[in-house]
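Q: Only the shape, not the letters, is given here:
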């Protein structure tokens, strides 16, 4: 036995803590009362109500350094003893007996008595054959730890069984052992009290409010060129200064033909080198909730934007991180990208709410189009038609009833960092009293995710959107599922003399969008992914209607060339018009269907630095079947810390 105790109980106080805390809790749960050692051990006429055989000093869990309950000694008059250094770690206290310094030998009666109790009552689990072996002495504190374990075990037997479970002679033996080792038991009890107090303090203050800061920094080199002159639908060859001096083109109709005004870009844009920075502040108040704040700044305007029709800014061939982040033309201004609070309700439900929720953080996720590592152009990282709002005010509820199913639903009113109501009333409607949370542009979304395994995810999405008209037209930055600009079919007429576009005659658009999205890791080295979206937009007032579809199909090669790397190759149709082309002032083209091939290779150099080359081929750009092909190349350096 002593060999086992030497192995298992070298730190006697720690072991005693485990037994002592359990015994204390058991005694509290049974409403037991304390009795003296003589009453408990000297005879078997123990208290039938308490049904407990108590180790020393269980009467006051907050008291320290008490002695054991001596025979015929009242608790109120129990004297204190000093704790020897071996037990407490403090300076050596005075001892009054040589026996207090003696080890317990295998030949001592105490050793043999405790061994007999252990084997009879199973106080301590020993070797696999339930025996205790060895030939080395135990210190008195190691021995006291074993004795305390036996006291706990016999208390348990008495509390749960009949009185004859514990024999009279064993009770007498325990009484003698408890008396002889009273000082050691008391000393260890003091250490347990201190440990309990420390544990209670930790439990009461187990979490303090903490904010974690992380950052992502990107440097982008981007170039774009075409095989010839590119047609695009816009009244502006170069955008007006009122929109920041960047490519925020306007759509309009020719006053004579009523057809959309078409321009041509004859010169390729220059190569650009730009930056984007995200600062993420993640605060938790109780360890399970999260207050997320993201500040961003950037100065990019991708060269590919020079080729786009009105309403298609930051769409095809534009890497997601090749952007300004804030209002175009105000490069490197710091803006709030995200601000929301989330918390769990039980084990399966989570609620997020705030003035600026990132819709794409909570919906339409795909493992192989994740913006940091996967296919990450604006047309690839999310469904092109699914949502008119990137970020906004509202709430999202996520319910996960099982490992295989997740249901996410939310309502968000548009409130986006790259738009401003000072540019045009109708942007950022949720914070504008003229429109409010329920009167401007908003989206209500429900998504069901089915994951039969860790390697396959299928998502079904429905979106109901109201799109606020600006200048009588809808589309552009808050126009999905419209890719381009739409009016009532003829009112948005351009006056070349004044440079103004007449009101397009619309108040709003009401859209229903249905999407399916999957990712499938077939083997560790190859995966497949795809999306399909169908959308119908009703133009208000009137009975105008635009139907469109979008699709994406791709293949992914995880860990290609290096662990953590990812190569994705995909085919994308961002906006194929099925019906209602006549309502489009821009984006309809001449009836062609734009399609794209994209390749993206994420290559981590270290845990914090990655290089990401990407290539984009855009055929039939702007839905003109006779437009030349556009090629876009991007090299991104990504730093995370």
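A: Structure received. Please read all numbers here as calculations on a predicted model, not as lab measurements. Numbering: from 1, shown residues only.
Q: what packs against the helix ranked longest in the chain?
A: When the chain is parsed with DSSP state H, its longest helix is helix 182-204. The contact analysis (3 or more Cβ pairs under 8 Å, 6 or more residues apart in numbering; DSSP states H and E) places helix 182-204 against helix 12-29, helix 85-88, helix 140-160. C-beta: built from backbone N, CA, C; applies to glycine.
Q: my guess is residue 351 contacts residue 395, does it?
A: Yes: here residue 351 reaches residue 395: they are 6.6 Å apart, a contact under Cβ atoms under 8 Å.
Q: Now do the same contact list for residue 621.
A: Listed by Cβ atoms under 8 Å, 6 or more residues apart in numbering, the contact set of residue 621 reads 226, 230, 232, 307-308, 316, 594, 627, 629-630.
Q: Just those: which are in strands?
A: Residues of these located in strands (DSSP state E): 226, 230, 232, 630.
Q: Phi, psi for residue 431 please.
A: phi -100, psi 10 (degrees, to the nearest 10).
Q: Just give the nearest non-adjacent residue to it, would you?
A: Distance criterion Cβ to Cβ, 6 or more residues apart in numbering; nearest residue to residue 431, sequence neighbours excluded, is residue 415 at 5.4 Å.
Q: With residue 432 as the reference, measure out to that neighbour.
A: 9 Å (Cβ to Cβ, to the nearest Å).
Q: quick one, which of those two is more surrounded?
A: Set side by side, residue 415 and residue 432 show more neighbours around residue 415, with 27 against 19, by other Cβ atoms under 10 Å.
Q: Looks like that one contacts residue 393 (just checking).
A: Yes: shown here, residue 415 and residue 393 form a contact pair, counting by Cβ under 8 Å, at 4.8 Å.
Q: Name the residues contacting each of these two.
A: Joint contacts of residue 415 and residue 393 (Cβ under 8 Å, 6+ apart) are 355-356, 430-431.
Q: Confidence-wise, which helix or strand of the chain is lowest on average?
A: helix 37 (a mean of 34; mean pLDDT, DSSP states H and E).
Q: Could I get the contacting residues of residue 318?
A: 302, 304-305, 377-378, 632.
Q: Excluding covalently adjacent residues, which one is nearest to it?
A: Nearest non-adjacent residue to residue 318 (Cβ to Cβ, 6+ apart): residue 302, at 4.3 Å.
Q: now do residue 258
A: Nearest to residue 258 is residue 490, by Cβ to Cβ, 6+ apart, at 5.6 Å.
Q: Name the SS class of the one you found, please.
A: With DSSP: H, G, I helix; E, B strand; the rest coil as the basis, residue 490 sits in coil.
Q: For it, give me the pLDDT.
A: Here the pLDDT value assigned to residue 490 is 94.
Q: Go ahead and confirm it touches residue 253.
A: Yes: Residue 490 is within contact range of residue 253, at 6.7 Å (criterion: Cβ under 8 Å).
Q: So for the two, which sits in the more crowded spot?
A: In this view residue 490 and residue 253 are compared by other Cβ under 10 Å, and residue 253 has more residues nearby, 24 against 14.
Q: And for residue 615, the neighbour number?
A: There are 15 residues near residue 615, going by other Cβ under 10 Å.
Q: same thing with residue 263?
A: 18.
Q: how near is it to residue 234?
A: 6 Å.
Q: Can you name the residues in contact with the helix or strand hosting residue 599?
A: Assigned by DSSP states H and E, residue 599 belongs to strand 595-604. When contacts are defined by Cβ under 8 Å, 6+ apart, strand 595-604 is touched by residues 316-317, 372-377, 379-380, 560-562, 564-574, 610-620.
Q: and with 7 Å instead?
A: 316, 373-377, 379-380, 561-562, 564-573, 610-620 (Cβ atoms under 7 Å, 6 or more residues apart in numbering).
Q: Quick check, central residue of this protein?
A: residue 290 (8.7 Å; Cα atoms, centre = their mean).
Q: Wait, it touches residue 342, no?
A: Yes: in this structure, residue 290 is within contact of residue 342 by Cβ atoms under 7 Å, at 5.1 Å.
Q: Domain ranges for the protein, per the record?
A: 2-204, 210-640 (automatic domain parsing).
Q: Please tell me how far the last one is from the chain's geometric centre.
A: When you say that, I think you mean domain 210-640. 22 Å (Cα atoms, centre = their mean, to the nearest Å).
Q: pLDDT weak spots in the stretch 351-500 of the chain?
A: 423 (pLDDT under 70).
Q: what are the ranges of the strands in it?
A: Per DSSP state E, counting those that start in this stretch, the stretch 351-500 of the chain carries strands over the ranges 391-399, 405-414, 442-453, 456-468, 474-475, 485-486, 494-495, 500-501.
Q: nearest to residue 511, of these?
A: Smallest distance to residue 511 across these (Cβ to Cβ): 4.4 Å, for strand 456-468.
Q: Neighbouring strands - and their directions - for that closest one?
A: strand 442-453 (antiparallel), strand 508-523 (antiparallel) (DSSP bridges).
Q: Name the residues of the first one that are buried.
A: To tie it back to what came earlier, the one meant is strand 442-453. 442-443, 445, 447, 449, 451 (16 or more other Cβ atoms under 10 Å).
Q: wait, which of those residues is closest to residue 589?
A: residue 443 (26.7 Å).
Q: who touches the closest one in this structure?
A: Residue 443 touches 387-389, 412, 463, 465, counting by Cβ under 7 Å, 6+ apart.
Q: which among those end up buried?
A: Buried among the contacts of residue 443 by 16+ other Cβ under 10 Å: 387-389, 412, 463, 465.
Q: which one of those sits closest to residue 257?
A: residue 388 (29.8 Å).
Q: Could you measure from that closest one over to residue 120?
A: 77 Å.
Q: which residues of the chain score low on pLDDT?
A: For the chain, the ranges with pLDDT under 70 are 1-101, 125-136, 161-164, 205-206, 239-247, 329-330, 423.
Q: I'd say residue 586 and residue 309 touch.
A: Yes: between residue 586 and residue 309 there is a contact at 4.5 Å, judged by Cβ under 7 Å.
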